[in-house]
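K.L.:
Pasted the sequence and its predicted model underneath.
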Amino acid sequence: MRFMVIVKATKESEAGVLPDQKLLAAMGKYNEEKVKSKAEAIDWLKRCPNPFPGESEIEIRQVFEAEDFGAEFTPELREQEERLRAQMATKT
């Protein structure tokens with residue numbers, strides 16, 4: 001399982017206030033940790049360095065991959081997905 005963590009913006013971050021080196025280093029170390037379940041991801045997230053002064057709102061979402069869909073994701077659908085990924089890669 002993979003998860004995406006979204007830190008909601010604050011007035012300061014929207015104004016371009018960037019984190020300092022200490023916070024960037026702490027976040028880098030924290031982000032190197034991996035998880036194997038949603039429960040583990042939630043526990044992991046509770047230890048997240050606070051990216052902003054005061055309270056922060058953080059959202060967690062599971063990132064689904066082809067294997068997560070089982071047999072319903074047929075070889076034809078997998079091929080279609082790969083074609084779309086290839087097309088997107090050439091547009092960037």
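P.N.:
Structure's in. What do you need?

K.L.:
quick one: the lengthiest helix in the chain to chain centroid distance?
P.N.:
Assignment by DSSP state H gives helix 75-91 as the longest helix of the chain. The chain centre lies 22 Å from the centre of helix 75-91; the measure is Cα atoms, centre = their mean, to the nearest Å.

K.L.:
Equivalent analysis for stretch 82-92, please.
P.N.:
Its chain's C-alpha centre and that of stretch 82-92 lie 21 Å apart, by Cα atoms, centre = their mean.

K.L.:
cool, and stretch 10-27?
P.N.:
With Cα atoms, centre = their mean as the basis, stretch 10-27 stands 17 Å off its chain's centre.

K.L.:
ditto for stretch 68-84
P.N.:
Its chain's C-alpha centre and that of stretch 68-84 lie 22 Å apart, by Cα atoms, centre = their mean.

K.L.:
what's the answer for stretch 23-42, then?
P.N.:
10 Å.

K.L.:
ranges for the strands of this protein?
P.N.:
In the chain, the segments counted as strands under DSSP state E are 2-7, 58-63.

K.L.:
Export only the CA atoms of the first one, formatted as CSV.
P.N.:
Taking C-alpha atoms only, strand 2-7 is exported to CSV below (Å, rounded to 0.1, in the frame of the first residue of the first chain):
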residue,chain,number,x,y,z
ARG,A,2,1.1,3.5,-0.7
PHE,A,3,-0.3,6.7,0.8
MET,A,4,-0.2,10.3,-0.1
VAL,A,5,0.0,12.9,2.6
ILE,A,6,-1.4,16.4,1.9
VAL,A,7,-0.5,19.3,4.2
